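S.K.: Got a predicted structure here, sequence first:
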Amino acid sequence: MTAERWQQIEQLYHAALERDAHKRAEFSDEARAGDSAIRAFIQAGGRSSRMGADKAWIEINGQPLIEHVLTAARLVAASLSIIISADNPNAERYRQLADERGAGLLLDLHDHQGPLGGIHTALKHCAANEAALILACDLPFITTEFLSLLCTIHQDHNPQSAIRNPQSITVPLDAEGRLQPLAAIYAQACLPAVEAQLAARQLRVDLLFNAVPTQQVAFSDFAHLPGAAQFFLNLNSPEDLSFVVKPQTPK
């Protein structure tokens with residue numbers, strides 16, 4: 001990726017921050033997700049082999065990647081939780097962040113089961129009429145506006161925010177048509193299918209989309225949102241990050 005391309009991305013990033021600040025200010029108490037059936041869970045704590053560190057704590061413009069995601073999700077979900085492994089060396093740092101942000105801190109129920117284990121952990125903390133908004137911790141360009149639209153698509157439009165299809169998954173596609181399972185919504189009723197896959201050691205999340213009713217959200221459905229092409233852009237290496245800011249890795 002060229003330096004010019006990253007400069008464009010950085011400009012869009014700053015525009016998204018400003019736009020989301022205005023968007024969040026417009027939410028009334030009623031519009032906040034206190035009555036929503038959707039709870040947000042950020043999967044964090046993994047060590048990226050290419051980045052060489054826990055990506056959640058690498059900073060863009062003085063803010064860790066995970067804080068960008070927490071900020072985007074805060075007003076579209078009934079609650080926020082961060083999922084980490086039980087042996088995470090930064091557990092106390094995550095605890096402090098969770099306390100500061102009014103989020104829960106959950107220990108992954110599975111060791112080395114990948115994102116599917118995190119999805120299972122999230123669904124075990126949802127009631128029967130609820131759903132889990134699953135987000136990777138390294139999506140700094142995701143916006144409140146997009147997540148609000150995704151939740152609206154998943155929900156039935158009624159005052160109680162009941163889930164339209166209690167067995168559904170709502171998963172967006174990027175501009176190249178690739179599914180984004182770590183920016184998707186999973187209804188609690190998906191739990192038996194998730195448990196069956198874990199028992200069979202079938203850890204690919206996309207296999208779940210064939211097991212339960214899944215609605216795919218085409219990129220064209222949200223392409224009108226500012227910065228849409230960058231929503232699912234994550235930073236996987238120091239070389240990627242160097243085009244945006246100087247990497248700051250945890251000590």
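M.R.: That came through, no problem. Just so you know, these numbers come straight off a predicted model, no measurement behind them.
S.K.: which SS state does the residue nearest in space to the middle of the chain fall under?
M.R.: Centroid-nearest residue in the chain: L135, 1.5 Å away (criterion: Cα atoms, centre = their mean). Assigned with DSSP: H, G, I helix; E, B strand; the rest coil, L135 falls in the strand class.
S.K.: what about this structure, any weak spots by pLDDT?
M.R.: Scanning the chain with the threshold set as pLDDT under 70 gives 1-36, 46-52, 156-167, 236-251.
S.K.: Now do the helices for it: every range, in order, please.
M.R.: In the chain, the segments counted as helices under DSSP state H are 3-26, 65-73, 91-101, 114-123, 144-154, 191-199, 238-242.
S.K.: As a check, name the ranges of all strands in the stretch 101-250 of the chain.
M.R.: Taking DSSP state E, counting those that start in this stretch as the test, the strands found in the stretch 101-250 of the chain are 104-107, 131-136, 169-172, 183-187, 214-217.
S.K.: The longest one pairs with which strands, and in what direction?
M.R.: Yep, that's strand 131-136 we're talking about. Here strand 131-136 is paired, per DSSP bridges, with strand 38-43 (parallel), strand 183-187 (antiparallel).
S.K.: what's next to that strand, contact-wise?
M.R.: For strand 131-136, contacts defined as Cβ atoms under 8 Å, 6 or more residues apart in numbering pick out 37-43, 69, 73, 76-77, 115, 118-119, 122-123, 125-126, 142, 147, 150-151, 154, 163, 181-188, 234. Where C-beta positions appear, they are placed from N, C-alpha and C, glycine not excepted.
S.K.: Thanks a lot, catch you later.
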